[in-house]
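> structure of the sequence below:
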Amino acid sequence: MSMQRCCPPVDVVQTVFEPSATLFKALADPYRLTILATLASADEVCVCDFTAALPLNQPTVSHHLRVLRDARLVTCERRGTWVYYRLAADALKRLDDALGEVLRQKVAV
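So this is what the prediction gives:
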C-alpha cells in the first residue's frame with residue numbers, strides 16, 4: 001500500500017554533506033563559538049586565557065579546542081608548557097563554502 005501524497009513529489013538533494021556536517025558539529029556549542037569569536041578578533045590566544053575566562057575546567061576547554069582543531073578551524077603552536085591558538089587561515093572560506101553548499105540559492109531556469 002503506497003502512502004497518499006499531499007502534493008507533487010520533490011527531488012530530494014542527493015549531495016553527501018559529511019564534510020559540511022563535521023564543520024557544523026564543531027560549531028554546535030556556545031563555548032566553541034566563543035572560542036572562535038575570540039580567535040577571530042585576536043592574533044593568537046593562549047589556552048590559559050580560555051581556561052581563565054570560561055566557566056569550564058581545563059580538560060573541558062582542551063576538549064573544545066581539540067574539536068575545533070579536528071575540524072581544522074583552528075591551529076595551534078606549543079611554546080614550552082603553553083599552547084597558543086589561532087583561527088585557521090581558511091576557516092571563514094571553508095565555513096562559507098559549506099553553508100553555500102547546503103543553502104544554494106534557487107536559480108531560475
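
> CA atoms for contacts and neighbours, from now on please.
OK.

> which stretch of helix or strand covers Glu77?
strand 74-79 (DSSP states H and E).

> pull the CA atoms of that strand into CSV?
Taking C-alpha atoms only, strand 74-79 is exported to CSV below (Å, rounded to 0.1, in the frame of the first residue of the first chain):
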residue,chain,number,x,y,z
VAL,A,74,41.9,26.4,14.5
THR,A,75,45.7,25.8,14.5
CYS,A,76,48.0,25.7,17.5
GLU,A,77,51.6,26.0,18.4
ARG,A,78,53.2,24.7,21.6
ARG,A,79,55.7,27.1,23.3
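
> tell me the strands beside whatever helix or strand comes next after that strand, with direction?
Toward the C-terminus, strand 74-79 is succeeded by strand 82-87 as the next helix or strand (DSSP H and E). Sheet partners assigned to strand 82-87 using DSSP bridges are listed as strand 45-46 (antiparallel), strand 74-79 (antiparallel).

> and those as TSV, adding mean neighbour count, mean pLDDT and distance to Leu68?
Output for these, formatted as TSV (neighbours: other Cα atoms under 10 Å; pLDDT from 0 to 100; distance: least, Cα to Cα, whole Å):
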stretch	mean neighbour count	mean pLDDT	distance to Leu68
strand 45-46	17	96	14
strand 74-79	14	96	6
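
> of all the ones you listed, which one is nearest Arg32?
strand 74-79 (10.7 Å; Cα to Cα).

> which residues of this structure fall in helices?
18-27, 30-40, 47-53, 58-70, 91-102 (DSSP state H).

> got those as TSV, with mean neighbour count, mean pLDDT and distance to Tyr84 columns?
As requested, those are exported to TSV (neighbours: other Cα under 10 Å; pLDDT from 0 to 100; distance: least, Cα to Cα, whole Å):
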stretch	mean neighbour count	mean pLDDT	distance to Tyr84
helix 18-27	16	93	19
helix 30-40	16	97	10
helix 47-53	14	95	6
helix 58-70	17	96	11
helix 91-102	14	92	17
